[in-house]
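Colleague: just a sequence and a predicted model for now, questions to come.
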Amino acid sequence: MKVVFRVDASLHMGTGHVMRCLTLANELKQQNHEIVFICRDLTDNLNLFIKYPVLALPKNDNFQSDGLYLNWLGATQEQDAQQTIKAIPKNTDLLIVDSYALDEIWHKKLRPYTKKIMVIDDLADRQFDCDMLLNQNLGTQIEDYKDKVPNDCELLLSCDYALLRPEFSNLREKALIKRQNTKEIKNILISMGGSDITNKTYEILQDISDNLNIVVVLGGSSPHNKMIISYAKDKENIKVLIDVDNISVLMFDADLAIGAGGSTSWERCCLGLPTLLYVLAENQRKIAENLERLDAVKIVDNLKVNLQNILNNLHFWQAMSENAQTVCDGIGVKRIKI
């Protein structure tokens, strides 16, 4: 089958949509499907990072919209649909769409150019015209999509379908044994996403004690990298890494994570990593609240207080680890059949 992904990354949107599509693309490639990406040429995109053919849609520097997600898209739905129609390869079998800005209006326009459409979504906030819909988030139910998808649409819902790379499931067993034997938090991993435009990482570093070993992971597109590196250069307990390719190993080595919501939440859960969680965008809030309801994370309001409470409470963070590891087993991508 010829499978085409329509997905973007940018400074404001972050990298998560592209990264999870790449996880699915890699699995489909192993099944001998042909893979192509269609991505807009946005600021700080990942087009050169994607190791598949990328058909680039033009950037429109003058585009402005009252809608947040349309601003992320960088075009109207009509414009994006027409440009995608021009770009999409002939004889496309499956078009996989991962964008909060695109709904049934866009899907209907692309129908004649593909045999099937699959949507990757997190919000359940609009109408869809698709054959398959994947929402990997904890607590998602069929009722969330009632009257929003065609009657014959196949729904793939919950963390059973979380799009994690194989490296996480490969480390899961060893990681869970390690968590059981951890009696003290010494190593902290800070990762606030690919862009961290609010510079939350710098704020966090101000509130952490010097007697903890800290690994900071930054995306190459983050506008505050120089500030973080400068702050950490004279501190022996802080190590700063940029654009890592071994995040699963870093999570394995950590005793506690301080991070943002979003897709990385499932990676931490898979490895049973206790987490102090920041909600950096509204589309992360439901995920965060559902995880906290299970006592699988602690949403941060005051880092100094939250961190000290965890450091002093062995039962609390061990229980958090045990709850987190029940959320996601790391093999969700294997369950997706196209």
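Modeller: Cool, the structure landed. Numbering: from 1, shown residues only.

Colleague: where along the chain do the helices fall?
Modeller: Along the chain, the segments classed as helices by DSSP state H run 16-30, 68-73, 77-87, 104-110, 166-181, 200-206, 225-232, 247-253, 264-270, 285-293, 303-311, 314-325.

Colleague: in CSV, list the ones you listed along with distance to Leu155, mean neighbour count and mean pLDDT.
Modeller: For glycine as for every other residue, the C-beta is placed from the backbone atoms N, C-alpha and C. Formatted as CSV, the helices of the chain follow (distance: least, C-beta to C-beta, whole Å; neighbours: other C-beta atoms under 10 Å; pLDDT from 0 to 100):
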stretch, distance to Leu155, mean neighbour count, mean pLDDT
helix 16-30, 16, 20, 96
helix 68-73, 22, 19, 90
helix 77-87, 23, 16, 97
helix 104-110, 15, 18, 98
helix 166-181, 23, 16, 97
helix 200-206, 34, 17, 92
helix 225-232, 40, 15, 94
helix 247-253, 28, 19, 97
helix 264-270, 18, 26, 96
helix 285-293, 17, 18, 93
helix 303-311, 36, 16, 83
helix 314-325, 25, 18, 95
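
Colleague: possible to save those as a markdown table with distance to Leu218?
Modeller: Below are the helices of the chain laid out as a markdown table (distance: least, C-beta to C-beta, whole Å):
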| stretch | distance to Leu218 |
| --- | --- |
| helix 16-30 | 15 |
| helix 68-73 | 21 |
| helix 77-87 | 30 |
| helix 104-110 | 33 |
| helix 166-181 | 20 |
| helix 200-206 | 7 |
| helix 225-232 | 5 |
| helix 247-253 | 12 |
| helix 264-270 | 14 |
| helix 285-293 | 21 |
| helix 303-311 | 18 |
| helix 314-325 | 24 |
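
Colleague: for Met118, find the nearest of these.
Modeller: Nearest of the helices of the chain to Met118, taken as C-beta to C-beta: helix 16-30 at 9.2 Å.

Colleague: quick one: that closest one to helix 166-181, angle?
Modeller: Computed by axes from the mean of the first three to the mean of the last three C-alpha atoms, to 10 degrees, the angle separating helix 16-30 from helix 166-181 equals 110 degrees.

Colleague: tell me what helix 16-30 is packed against?
Modeller: Under the contact definition 3 or more C-beta pairs under 8 Å, 6 or more residues apart in numbering; DSSP states H and E, helix 16-30 sits against strand 2-7, strand 34-40, strand 94-98, strand 116-120.
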